[in-house]
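>>> here is a sequence with its predicted model. Questions after.
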Protein chains: 2
Amino acid sequence: MAAQPSPPRALSRGRRDARGERRRAELLDAAIDLIGAQGIDGVTHRAVAAAAGVPAASTSYYFRSKDELIHEALRTLAEREIERLRARREALGDAVADLEETTEALAAWIEEQVTPAGRVAMLAQYQLQLEAARRPEAREILQAWKEGTDDLSETAMRSLGAPDVRTSGILLVCAIDGLRLRLLASGHAPLQGAELRGVLRALLVGLTAAQP
Amino acid sequence: MAAQPSPPRALSRGRRDARGERRRAELLDAAIDLIGAQGIDGVTHRAVAAAAGVPAASTSYYFRSKDELIHEALRTLAEREIERLRARREALGDAVADLEETTEALAAWIEEQVTPAGRVAMLAQYQLQLEAARRPEAREILQAWKEGTDDLSETAMRSLGAPDVRTSGILLVCAIDGLRLRLLASGHAPLQGAELRGVLRALLVGLTAAQP
DNA sequence: ACAGGACCTGGACACTTGTCCAAGACATTT
DNA sequence: AAATGTCTTGGACAAGTGTCCAGGTCCTGT
């Protein structure tokens, strides 16, 4: 029996090469796009490889299994979005804010996400939420994300002088989540620019005024 | 050439027999459960048949294709939920309502849906919404459903004396949708009985008070 | 130049899937 | 009881899937 060299397959952890890192990232990007465009079950080794423009076996080289590929893709997506949230939160700071500017910021934030480019990320996020309803591993990924949105939302409500920032923060997050889902599902935007701002202003006013 | 008899396969429309109707309904029930428990792609001919306790070929006999099976299942689910909504709406009538009773009704409505039994229907609904973001056929099914929820929601806001029932109605629906999704995704209920009622009361107060 | 490792990939395997068929079981009408 | 149309189902098929392997290529350090 020849001395068995350390098995070359299925490394996927402990990489060294920069090329490898890059290709791995490309595969994850392709997987995220696929999740948004086709749903989680649209993610197959062959589809991901084709979308990334690489041969089929690559995905098996960089990921131990399809589950790991999907998991890593969702984790990566969450990481990015959390970073975006953190940046916004940073930009907001602790300054007291006007109702109008907050409304405008929110509307812009939402409209930016309804962009074709943003759609993918949103769809992938909702996919993740449904996944979380079923699999605890996904719940873990979602946890940090949720903290990010809650934090940003609380900050916004605090800057508006809301009495109970926790409750109203959660409500704001949920309302926007529901709004975005509605925008997604109905295809055409049911709430245009001015009307959307009206709705958001009403929501903010309501949440700010409410006493627990 | 023998005279070809009318092809016996793929009827799926134009049934006569009552047995057939019953089995078809059982298959649809099984499919709906599967959608809730495993997602839309958990629906396979064999899985549906197994869940319904019938041989595998049955599903192909009653449905022209897997797509038709899924479509019919989603349609059936929507039909049922719309009927539930209509009944609620009926019960509400046009009476002026107390903030407390509306809060209580809403909370009960939500808590009823977080039941294991209700979870399946909720999950299936969100699955449908994501499907609608991708396929126009699903959008059609969702349309009637959305009208039902909006109608009920507007009625509730009107009975509370809200100034703009359309806007606040939509917001109420979206907020509750977001809340339910959060409940689903986080597994454990993050908003218990009393706290949930607090949040809902705040939301209703806010929406009622807001001036457009 | 060369060795060693990481990277890369064409091809193969077992398995699941959607769909179909042909033959039988059953009910109802004649 | 015979006929007729529906229901029922075991089995088969091609297509697609996850995963693996054996051998290749490329880069980096010496």
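Thanks, I have the structure now.
>>> burial of residue A:93, as a residue count?
When neighbours are defined as other C-beta atoms under 10 Å in any protein chain shown, residue A:93 has 9 of them. For glycine as for every other residue, the C-beta is placed from the backbone atoms N, C-alpha and C.
>>> need phi/psi at the closest residue to DNA strand C within chain A.
When scored by C-beta to the nearest atom of the strand, chain A has residue A:20 as its residue closest to DNA strand C, at 2.5 Å. Per-residue torsions, residue A:20: phi -60, psi -50 (degrees, to the nearest 10).
>>> how about it, nearest residue that isn't a chain neighbour?
residue A:62 (7.5 Å; C-beta to C-beta, 6 or more residues apart in numbering or on different chains).
>>> residue contacts, that neighbour?
Residue A:62 makes contact with A:12, A:20, A:23, A:24, A:27, A:69, according to C-beta atoms under 8 Å, 6 or more residues apart in numbering or on different chains.
>>> what residue ranges in chain A score low on pLDDT?
A:1-16, A:189-190, A:210-212 (pLDDT under 70).
>>> let's go with 50 and repeat that
Along chain A, segments meeting pLDDT under 50 span A:1-10, A:12.
>>> returning to that earlier point: if I look at the residue of chain A closest to DNA strand C, how far off is residue A:64?
Using C-beta to C-beta, to the nearest Å, one obtains 15 Å as the distance from residue A:20 to residue A:64.
>>> for ChimeraX, write the select line for the buried members of the contacts of residue A:62.
Buried residues among these (16 or more other C-beta atoms under 10 Å in any protein chain shown), as a ChimeraX selection:
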select /A:12,23,24,27,69
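>>> dump the contacts of residue A:62 into JSON lines; add secondary structure and distance to residue A:152 as well.
Output for those, formatted as JSON lines (DSSP: H, G, I helix; E, B strand; the rest coil; distance: C-beta to C-beta, whole Å):
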{"residue": "A:12", "secondary structure": "coil", "distance to residue A:152": "34"}
{"residue": "A:20", "secondary structure": "helix", "distance to residue A:152": "35"}
{"residue": "A:23", "secondary structure": "helix", "distance to residue A:152": "33"}
{"residue": "A:24", "secondary structure": "helix", "distance to residue A:152": "30"}
{"residue": "A:27", "secondary structure": "helix", "distance to residue A:152": "30"}
{"residue": "A:69", "secondary structure": "helix", "distance to residue A:152": "30"}
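>>> among the contacts of residue A:62, which pair sits farthest apart?
A:20 and A:69 (15.0 Å; C-beta to C-beta).
>>> gap between the residue of chain A closest to DNA strand C and chain B?
As judged by C-beta to the nearest C-beta, to the nearest Å, residue A:20 and chain B stand 31 Å apart.
>>> any idea how far residue A:120 is from that residue?
From residue A:20 to residue A:120 the distance is 25 Å (C-beta to C-beta).
>>> ok, for residue A:69, nearest residue in space, not its chain neighbours?
residue A:63 (4.1 Å).
>>> burial of the one you found, as a residue count?
Residues near residue A:63, counting by other C-beta under 10 Å: 23.
>>> next, it: phi, psi?
phi -130, psi 140.
>>> how about residue A:94?
The phi and psi values for residue A:94, taken as degrees, to the nearest 10, are phi -110, psi 10.
>>> what about the nearest residue to it once chain neighbours are set aside, how many neighbours?
Using C-beta to C-beta, 6+ apart and skipping residues adjacent in sequence, the residue nearest residue A:94 is residue A:159, 7.4 Å away. Around residue A:159 there are 18 other residues, counting by other C-beta under 10 Å.
>>> go ahead and confirm residue A:159 touches residue A:98.
No - Residue A:159 is not in contact with residue A:98 according to C-beta atoms under 8 Å; the separation is 9.1 Å.
>>> and the residue in chain A that chain B sits nearest to, what helix or strand is that in?
Scanning chain A for the residue nearest chain B gives residue A:206, at 2.5 Å (criterion: C-beta to the nearest C-beta). Per DSSP states H and E, residue A:206 falls inside helix A:193-209.
>>> now do that helix: everything it contacts.
So helix A:193-209 is contacted by A:99-100, A:102-104, A:106-107, A:110-111, A:157, A:160-162, A:168, A:171-172, A:175, A:179, A:191, B:164, B:167-168, B:170-171, B:202-203, B:205-212 (C-beta under 8 Å, 6+ apart).
>>> nothing else from me, thank you.
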